[in-house]
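In: I need the structure of the sequence given here:
(2 chains)
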2 protein chains.
Amino acid sequence: MYGRYWREMGEKARITIAGWQSMSYFSGGSDVCWFLEAELGEEVRRLHRVVGNAVTEGRHIVVGTGSSQLILAALYALSPRDASEPITVLSAAPYYSSYASMSDYQKSGLYKWGGDAEKYEKEGPYIELVTSPNNPDGHTRRSVVNRTHGFVVHDLAYYWPQYTPISAPADHDLSLFTLSKSTGHAGIRLGWALVKDREVAKKMTKFIELNTIGVSKDSQLRAAKIMRVVSDSCEQREGESFFEFNYKVLVQRWKQLRAVVERSGLFSLPTFSPAFCTFYGFAWLKCEWEVEDCELVLKQHNILTRSGKHFGPCAAEIVGQPREGGKRGDAESAGCQKASDGQTNDEGCGEQDGAEDDKEGRGDGETDDGGGEGEAGDHEKKSTEREEGGEC
Amino acid sequence: MYGRYWREMGEKARITIAGWQSMSYFSGGSDVCWFLEAELGEEVRRLHRVVGNAVTEGRHIVVGTGSSQLILAALYALSPRDASEPITVLSAAPYYSSYASMSDYQKSGLYKWGGDAEKYEKEGPYIELVTSPNNPDGHTRRSVVNRTHGFVVHDLAYYWPQYTPISAPADHDLSLFTLSKSTGHAGIRLGWALVKDREVAKKMTKFIELNTIGVSKDSQLRAAKIMRVVSDSCEQREGESFFEFNYKVLVQRWKQLRAVVERSGLFSLPTFSPAFCTFYGFAWLKCEWEVEDCELVLKQHNILTRSGKHFGPCAAEIVGQPREGGKRGDAESAGCQKASDGQTNDEGCGEQDGAEDDKEGRGDGETDDGGGEGEAGDHEKKSTEREEGGEC
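Out: Presented below is the predicted three-dimensional model:
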């Protein structure tokens, strides 16, 4: 959906790389992450400063081949080396549909998927993946386990102004971001981690060294160029910023989607309090009739979705529909360091009841995300109860 | 060392990517590897056809973020899913210094490093990594285990005309190549596998999907451009090909290295029969005095090497010196489908005694690589015996 913006940018966002450039494995952008291009490191810090969505001071930047590789790098870095059994990896349902398979596909002796964080009752060390705003349901999330010996990884892929109000800069131990969700360039395969602890950053770097011996220089240089255009668009005095432009695209798409869904009478979408948002980064669509697998039904009509069952227990009749919709601050204050100002409009969203808690910790979390999301949460809970019975 | 060539290529090797291009996760280059760019697939097949170093007919191409990721993808794809214990990963010493750590860093329940393939005595399934020409010693290699229930992965990173005579197109079940060694573009992080079995190719693709959700489109497009320049240089009637040009650079560097080593009286380099080659892709340097760690000594003089101990047992006084030297067909026939013609010269190499066996199998291997390498093998064996005692 970001294509139109980047087409309009023309020359500004174009990159040229000569045959003799960036041939080496090595870069000079960090004393910890030896393959980070200096130019990318600078643009990452600048973009977070301009948008105001993350603290970068006192953080090491680790670049990855998309944030997928960084999730794995974080699991590797946080796993105790001398443990008798793998550390448990958790996330509150509904969770990003790939967390389970990513944690388990190597049958690692270091870490192991443990499922829904809400149901975790064991003692001992764990790693909780907190996606905020959440994929698939868009909720602002905080850690739910809150025990000692826990590590929290914040996956902040959607913490950008076109999706959500930026209430405060995230200030966690370990936060992950990705170009695919921030600027729309999934094909570049570029993510970055902001890491407080130097030793954790070094271990993540080691993981990426063993996994892919660094990250494509071409991807890093192109990402730096793209980010520069976004930051410039925020700092210019005239015209729309990248975030304002694309927020409007999302609004338009959600209008169309809501109209289609309402006309059909077959599906429903969550409704949110106008005090928060009227749309999310994903369309979390519910089939309003008895159905084995909603994904299959939609696929027969050439609509690509992912079944709710991949996102945690008890969500078979729900599908997450990626690349449609979004969640953000109100239209008038879209992005660029200015958090939402409390105004709302028909398609946008107002300020959250509680500002995001900047404090991070092992087991610490963010503050409540306000009443606006409760309604959506109830909606989903009801639907899953009906589908699966008392367990959920 | 390839920088000079690519500088001379100027515009020809330059790539420009607009901000709106290649934004998607998806590509259309293969029905198996869903993230392979069609353009890259075509250039891979063309380059192998022009050089004559690998059969691509009846092979699936799986693209990876460097060949490191493809080695891991191959281990994942070839590991039995229902086994009670991890499959053993082997390679004949001296072996690529990262094989052991790559196999073990995840503590995978699927595969596990088993060390020197020459010493493997167990029954049961195994995966043998055959690097040919070998890193670090440049020997042409074949499988040494030759049992049933074995899988062989051929790492052919150095099977290019600037390093070695191309006696016949490789025709294995699973071969790996990388841009870093073929054209010198390590920073692009781009490798490819030629895979006979569709199911294996699908599993390798799945690994890369879970690991990094595909491979940078920018890397793929740039790699395709670079490969096109190399293939064009081979097909043109006038001027030097890429391989001829860079072979000469290697010859010059090895001349200098040999002169320095001889003058010092402190080190030695393998000597090879002129019937084969007088230099290899790596300088496998031996310290000719009692020393704990040759790498450390050289580092104190700002010379970056990797200690022989990383390449298998009993090689502590030897260091592999990457990015120096090479091994190839004779100068007059450098590359571009023409194998060496048996002539030799002072710095080059002649034809191998035995042509490479094109047959592949689980446990099958290549033919003997001729007498030229025996001498180098003896040299190393002697040095390791002296270092570590009777075990080796």
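In: does the host helix or strand of residue A:48 come close to chain B?
Out: Residue A:48 is part of helix A:38-51, with elements assigned from DSSP states H and E. No: applying Cβ under 8 Å from any Cβ of the partner chain, one finds helix A:38-51 out of contact with chain B, separated by at least 12.9 Å. Where you see a C-beta, it was placed from the backbone N, CA and C, and this is true even at glycine.
In: tell me the mean pLDDT over stretch A:229-246?
Out: Summarised as a single mean, pLDDT over stretch A:229-246 is 95.
In: got the end-to-end distance for it?
Out: 14 Å (Cα to Cα, to the nearest Å).
In: What segments of chain A are strands?
Out: For chain A, the strands defined by DSSP state E cover A:15-17, A:60-64, A:87-91, A:111-116, A:126-131, A:150-155, A:174-178, A:191-195, A:267-268, A:283-287, A:306-307, A:318-321.
In: Show the low-confidence segments of chain A, by residue range.
Out: A:272-281, A:314-392 (pLDDT under 70).
In: State which helix of it is the longest.
Out: helix A:242-264 (DSSP state H).
In: I'd like to know which elements that helix is packed against.
Out: The contact analysis (3 or more Cβ pairs under 8 Å, 6 or more residues apart in numbering or on different chains; DSSP states H and E) places helix A:242-264 against helix A:3-9, helix A:217-235, strand A:283-287.
In: Break chain A down into its structural domains.
Out: Here the domain assignment for chain A is A:3-235, A:242-388, based on automatic domain parsing.
In: Redo those domains as CSV? Include mean neighbour count.
Out: CSV is the format used below for the domains of chain A (neighbours: other Cβ atoms under 10 Å in any protein chain shown):
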stretch, mean neighbour count
domain A:3-235, 21
domain A:242-388, 19
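In: Mind checking those for the one nearest to residue B:99?
Out: With Cβ to Cβ as the criterion, residue B:99 lies closest to domain A:3-235 of these, at 10.9 Å.
In: just how off-centre is the closest one within its chain?
Out: For domain A:3-235, the separation from the chain centroid amounts to 9 Å (computed by Cα atoms, centre = their mean, to the nearest Å).
In: now do the same end-to-end measure for that domain.
Out: End-to-end for domain A:3-235, by Cα to Cα: 21 Å.
In: before we move on, the earlier item: with distance to residue B:191 as added columns, please give the helices and strands packed on helix A:242-264 in a markdown table.
Out: Shown next, in a markdown table, are those (distance: least, Cβ to Cβ, whole Å):
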| stretch | distance to residue B:191 |
| --- | --- |
| helix A:3-9 | 29 |
| helix A:217-235 | 15 |
| strand A:283-287 | 37 |
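In: so can I have CSV of the ones you listed showing distance to chain B?
Out: As requested, the helices and strands packed on helix A:242-264 are arranged in CSV below (distance: least, Cβ to the nearest Cβ, whole Å):
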stretch, distance to chain B
helix A:3-9, 4
helix A:217-235, 4
strand A:283-287, 18
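In: so what's residue A:223 up against?
Out: The contact partners of residue A:223, taken as Cβ atoms under 8 Å, 6 or more residues apart in numbering or on different chains, are A:40, A:43, A:179, A:185, A:188, A:190.
In: Relative to residue A:71, how far out is the first one?
Out: Plainly put, residue A:40 is 19 Å away from residue A:71 if you go by Cβ to Cβ, to the nearest Å.
In: before we move on, back to that, and the domains of chain A: which comes nearest residue B:33?
Out: domain A:3-235 (14.6 Å).
In: Show me which residues of the stretch 51-200 of chain A are close to chain B?
Out: Counting by Cβ under 8 Å from any Cβ, the stretch 51-200 of chain A sits next to chain B at A:65-66, A:68-69, A:72, A:76, A:98, A:101-102, A:105-110, A:180, A:184-190.
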